[in-house]
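J.: Need coordinates for the following:
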Amino acid sequence: MADVQKFVLKTILSLPSPILRAMSGGGVVYRGGRTLDPRFQFFAHAAQKMPSMTSLPPDVAREASAKGLAAVSGPPEPGVRTESLSIDGPGGKIPLRAYRPADQDASAPLIVFAHFGGGVIGDLETCHAFCGILAKLARTAVLSVDYRLAPDHRFPAGLDDVLAAYRWGRDNAARFGALPGTAAIGGDSMGGNFAAIVPQEMRRLGEPQPSLQLLIYPAVDVASETASMSTYADAYPLSRPIMDWFMGHYMGPDADPADPRLSPNKTEDLTGLAPAVVITAGFDPLVDQGEAYAKRLQAAGVPVTYRCYDSLAHGFTAFTGAVPAADAACREVAGLVRKAFDAAKG
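T.: Have a look, this model is predicted:
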């Protein structure tokens, strides 16, 4: 049944843009100077007829999200092999999945990657297609982290797992054919939050910086308001109510939203942090804070590559099988990572 549904969806999404828009309420969605991709417009229109995630218990939301993402995810990337493993973490075993491309460059660092989901939903499947793309086009090994989720494990449990996985990956990079003794850190949305915090924590603790930080539509400030939170408050798939639902489950009652381990953009000094590739999506409540963080890193002397994919929505890394522009963006992002690695070699 799932294969049939995926075929039907693919057939619908292959229709010309004017027809898709007509099926999605009609007209062009234009907001904040940006025009939404017609396929994301189709999904947003369809989502209006479904129960909001905010009405669901977290376990039900996880299951529903997993089913929905399976329908839009792209196939496994050819030429990339995977390995499942686990390591000891601060709260027990941390499941990991390693990706290695056939033409891996042994001089490139391992990338430790954390998936999106507001710290509440998501797993290794959430970013499976993207991690394969990243491994193949950046020509390096990728280590995906299945960190603990709230509300069973609130802040900082997920962050602590990612920190543990990053350190393990850094220290065991040679096991995956990558440059020994170093690693890059990456993630999208809440994973991007973790990926922004890791370099700050390494600096605070006197440990070496990651070779790169890849921040894809990162949540870097849960304490402040930006214009995009209003402009795209009802965006799909991340709306302002869903952001609040995530944080309500993720943060404990005593958590301070301005804590840099929750809001890395609240850190005053960003000097000396790892080079960054920062990616945002146009139709996203988080677009302003991602851009602001990139500008602050650059002002602090950090080498930064910044891209905003204006027509795409939050979470586009999971839509590679349904939105051609999302697939193209993911491949471009992986290429930017490769360029950053090459630049670091001089």
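J.: Give me the neighbour count for Tyr306.
T.: By other Cβ atoms under 10 Å, the residues close to Tyr306 number 18. The C-beta positions use only the backbone N, C-alpha and C, and glycine is treated the same way.
J.: With adjacent residues omitted, what lies nearest to it?
T.: Nearest residue to Tyr306 in three dimensions, chain neighbours excluded: Ala294, at 4.4 Å (Cβ to Cβ, 6 or more residues apart in numbering).
J.: cool, and Thr280?
T.: Among residues not flanking Thr280 along the chain, Gly290 sits closest, at 4.0 Å (Cβ to Cβ, 6+ apart).
J.: which residue ranges form the strands in the stretch 1-150 of the chain?
T.: Using DSSP state E, counting those that start in this stretch, the strands of the stretch 1-150 of the chain run over residues 30-31, 34-35, 80-89, 92-101, 110-114, 142-145.
J.: Kindly reformat those as JSON lines containing mean neighbour count and distance to Asp310.
T.: JSON lines is the format used below for the strands of the stretch 1-150 of the chain (neighbours: other Cβ atoms under 10 Å; distance: least, Cβ to Cβ, whole Å):
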{"stretch": "strand 30-31", "mean neighbour count": "11", "distance to Asp310": "11"}
{"stretch": "strand 34-35", "mean neighbour count": "17", "distance to Asp310": "5"}
{"stretch": "strand 80-89", "mean neighbour count": "14", "distance to Asp310": "29"}
{"stretch": "strand 92-101", "mean neighbour count": "19", "distance to Asp310": "29"}
{"stretch": "strand 110-114", "mean neighbour count": "30", "distance to Asp310": "24"}
{"stretch": "strand 142-145", "mean neighbour count": "30", "distance to Asp310": "27"}
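J.: Can you give me the end-to-end span of stretch 139-146?
T.: Using Cα to Cα, to the nearest Å, the end-to-end distance of stretch 139-146 comes to 22 Å.
J.: For that stretch, which outside residues touch it?
T.: Under the criterion Cβ atoms under 8 Å, 6 or more residues apart in numbering, residues 94-101, 103-105, 108-115, 123-124, 127-128, 131, 134-135, 161-162, 165, 169, 173, 176-178, 183, 338, 341 lie in contact with stretch 139-146.
J.: what's the answer for stretch 30-40, then?
T.: By Cβ under 8 Å, 6+ apart, stretch 30-40 touches 13, 17, 20-21, 24, 28-29, 44, 228, 231-232, 236, 282-283, 310-313, 316, 319, 322-326.
J.: Determine the secondary structure element of the protein with the lowest mean pLDDT, considering only helices and strands.
T.: helix 2-13 (a mean of 82; mean pLDDT, DSSP states H and E).
J.: list the helices and strands that one packs on?
T.: In terms of contacts (3 or more Cβ pairs under 8 Å, 6 or more residues apart in numbering; DSSP states H and E), helix 2-13 is packed against helix 17-23, helix 38-47, helix 58-72.
J.: got the CA positions of the shortest one in CSV?
T.: Spelled out, it's helix 17-23. Output of helix 17-23 as CSV, limited to C-alpha atoms (Å, rounded to 0.1, in the frame of the first residue of the first chain):
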residue,chain,number,x,y,z
SER,A,17,3.0,23.9,-11.8
PRO,A,18,-0.2,25.8,-12.8
ILE,A,19,-2.3,22.6,-12.3
LEU,A,20,-0.6,21.9,-8.9
ARG,A,21,-1.3,25.4,-7.8
ALA,A,22,-5.0,25.1,-8.9
MET,A,23,-5.2,21.9,-6.8
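J.: before we move on, back to that, assess the claim that the residue nearest to Thr280 and Val277 are in contact.
T.: No: applying Cβ atoms under 8 Å as the test, Gly290 and Val277 come out as separate, 11.5 Å apart.
J.: per-residue confidence for Phe316?
T.: Listed pLDDT for Phe316 reads 98.
J.: And the closest residue to it other than its chain neighbours, how far from Ala255?
T.: Excluding its sequence neighbours, the residue lying closest to Phe316 (Cβ to Cβ, 6+ apart) is Ala326, at 4.1 Å. From Ala326 across to Ala255, the span is 32 Å (Cβ to Cβ, to the nearest Å).
J.: helices and strands around the helix or strand encompassing Leu163, which ones?
T.: Secondary structure assignment for Leu163, by DSSP states H and E: helix 157-171. Counting contacts by 3+ Cβ pairs under 8 Å, 6+ apart, helix 157-171 packs against strand 80-89, strand 92-101, strand 110-114, strand 142-145, strand 183-188, helix 190-204.
J.: thought Ala300 was touching Glu268?
T.: No: at 10.1 Å, Ala300 does not count as touching Glu268 under the criterion of Cβ under 8 Å.
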